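Visitor: no FASTA, just this:
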């Protein structure tokens, strides 16, 4: 039996700031576009596996993980 079959509804808790940042990231965005506070929130979302940091040559970008 798979874990998805046991747990019908699974939500990861997010603060209001994290939710706003998560909702704003709809496509890949360069990390250089964010200020220090936003980078702190992004690192929190990365630890929660809600977004991922990907490398585009020298630059780093963040993208939302698929939630399906």
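Guide: Nice, thanks for sending it over. Just so you know, these numbers come straight off a predicted model, no measurement behind them.
Visitor: Residue 5 versus residue 64, what's the distance?
Guide: Distance, residue 64 to residue 5, by C-beta to C-beta, to the nearest Å: 25 Å. For glycine as for every other residue, the C-beta is placed from the backbone atoms N, C-alpha and C.
Visitor: Same check on residue 53?
Guide: The value you get for residue 53 to residue 5, if C-beta to C-beta is used, is 31 Å.
Visitor: now residue 31
Guide: Taking C-beta to C-beta, one finds residue 31 at 37 Å from residue 5.
Visitor: neighbour count winner among these two?
Guide: Set residue 31 next to residue 5 and count neighbours by other C-beta atoms under 10 Å: residue 31 wins out with 13 against 7.
Visitor: quick one: contacts for the more buried one?
Guide: Residues near residue 31 by C-beta atoms under 8 Å, 6 or more residues apart in numbering: 39, 42, 53, 59, 60, 61, 62.
Visitor: Just the buried ones from these?
Guide: Taking 16 or more other C-beta atoms under 10 Å as the criterion, what is buried in the contacts of residue 31 is 42, 61, 62.
Visitor: ok, these vs residue 26, which is closest?
Guide: residue 62 (11.3 Å; C-beta to C-beta).
Visitor: Surely the closest one and residue 50 touch.
Guide: No. Contact criterion C-beta atoms under 8 Å: residue 62 and residue 50 do not qualify, at 10.1 Å.
Visitor: Need the phi and psi values for residue 61.
Guide: phi -130, psi 160 (degrees, to the nearest 10).
Visitor: How much space separates it from residue 55?
Guide: Per C-beta to C-beta, residue 61 is found 8 Å from residue 55.
Visitor: what about the helices in this protein?
Guide: Using DSSP state H, the helices assigned to the chain run over residues 3-6, 16-24, 36-47.
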